[in-house]
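> okay, structure incoming, though there's no sequence with it:
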């Protein structure tokens with residue numbers, strides 16, 4: 001039995017799954033604390049600007065974009081996620097965006113199953129090489145290969161092969177989960193660290209991991225997630241629900257929802273495992289607008305007090321919603337009073353009860369949150385900021 005099948009069997013057994021989650025969450029958090037301590041004592045040899053120069057973001061590179069936008073080859077993983085604003089906004093700032101499709105025509109890289117990292121990596125290398133060859137023959141070779149990658153879907157060797165054949169291609173990796181996937185299961189190779197030596201720029205959604213990359217001689221930028229007004233926006237509609245949640249049913253998510261229900265709060269839920277099932281992307285913005293409060297859950301890998309940024313943090317605010325989620329310090333820094341943050345399940349219940357009685361306060365929170373995300377965190381603005389830093393001007 002391989003690792004993935006073993007995990008599936010464990011999840012089906014309530015008792016075994018409980019102990020598995022406790023062990024996994026404890027290990028993930030201890031690994032994170034180790035990395036924090038390790039990098040506090042590691043010296044950074046080069047400044048960010050010096051690292052950009054070492055990666056050849058130099059005058060020759062900048063001159064290429066004096067009168068043109070870049071061509072980007074994007075290798076994503078989740079079609080629902082990537083095509084709900086990310087790709088559309090990237091296309092606004094690029095001459096052309098090429099997408100990664102598997103041999104069977106389905107979207108995204110080969111990435112399921114960390115035990116299959118060698119197979120995944122080889123398949124991904126083949127598709128990328130074939131795609132680059134095709135567009136080079138047409139005279140539209142990409143300037144940037146943009147990835148959502150770890151060591152379990154791209155190895156250092158794979159990326160090195162690509163760079164050898166296309167030495168002027170810049171590789172930018174968007175790291176959305178570095179708090180728990182910088183190393184993976186204790187392995188340096190399987191996490192994002194495993195490919196760091198071949199990446200030209202890291203865009204990290206975790207503020208502290210930027211310094212980790214800089215100390216490993218790879219330039220990195222704090223890159224909060226974002227949203228798109230083409231998909232999420234305020235609507236003039238009646239509030240039908242007290243609290244709304246979109247996401248799969250498991251772990252602390254179910255506990256928070258049940259706690260609210262036990263206290264008489266009406267919660268409408270969509271996603272795998274809930275009675276309503278999944279909510280189509282086309283209906284998500286309308287649903288958010290129909291909720292007095294939008295519920296978010298920011299926990300990582302079963303950990304109770306270890307949080308990571310989520311796409312929902314931005315989509316909910318872009319819809320004009322009053323958003324309630326876990327107390328991730330990054331979110332407080334980004335959104336200030338435009339977001340409601342909680343530490344415990346009781347916190348979620350009490351703050352929900354309070355704000356449902358304070359409709360004027362809720363409206364102020366909605367206005368503040370929407371103003372910040374609209375003005376600062378559309379994907380288009382985020383990409384323009386990154387491009388400017390590396391010498392690509394609008």
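Received it, and whenever you're ready, just let me know what you need. Since we're looking at a predicted model, the values are computed, not measured.
> low-confidence ranges in the stretch 1-150 of the chain?
The stretch 1-150 of the chain contains residues with pLDDT under 70 at 1-27, 113-115.
> ok, which stretches of it are helices?
For the stretch 1-150 of the chain, the helices defined by DSSP state H, counting those that start in this stretch cover 3-12, 14-40, 48-54, 59-63, 79-81, 87-92, 117-137.
> just the buried residues of the shortest one, please?
With burial defined by 16 or more other C-beta atoms under 10 Å, the residues of helix 79-81 counted as buried are residue 81. All C-beta atoms are positioned from the backbone trio N, CA, C, and that covers glycine.
> and if you look at stretch 53-61?
55, 57, 61.
> any idea how far residue 260 is from residue 345?
9 Å (C-beta to C-beta, to the nearest Å).
> adding distance to residue 333, write the buried residues of stretch 53-61 out as a markdown table.
Rendered in a markdown table, the data for the buried residues of stretch 53-61 read as follows (distance: C-beta to C-beta, whole Å):
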| residue | distance to residue 333 |
| --- | --- |
| 55 | 28 |
| 57 | 27 |
| 61 | 31 |
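> quick one on the thing from earlier: settle it for me: which of residue 260 and residue 345 has more neighbours?
residue 260 (22 against 16; other C-beta atoms under 10 Å).
> what does the model give the more buried one for pLDDT?
pLDDT, residue 260: 97.
> quick check: it touching residue 348?
Yes. If you go by C-beta atoms under 8 Å, residue 260 and residue 348 touch, sitting 6.9 Å apart.
> so what's residue 392 up against?
Contact partners of residue 392, counting by C-beta atoms under 8 Å, 6 or more residues apart in numbering, are 62, 65, 69-70.
> among those, who's most crowded?
In terms of neighbours by other C-beta under 10 Å, the contacts of residue 392 top out with residue 70 at 20 neighbours.
> check the gap between the residue nearest to residue 48 when sequence neighbours are not counted and residue 154 for me.
Spatial nearest neighbour of residue 48, chain neighbours left out: residue 219 (5.7 Å); criterion: C-beta to C-beta, 6 or more residues apart in numbering. Taking C-beta to C-beta as the measure, residue 219 falls 18 Å from residue 154.
> now do the end-to-end distance for stretch 73-87.
Stretch 73-87 has an end-to-end distance of 11 Å (C-alpha to C-alpha, to the nearest Å).
> do stretch 270-285 as well
13 Å.
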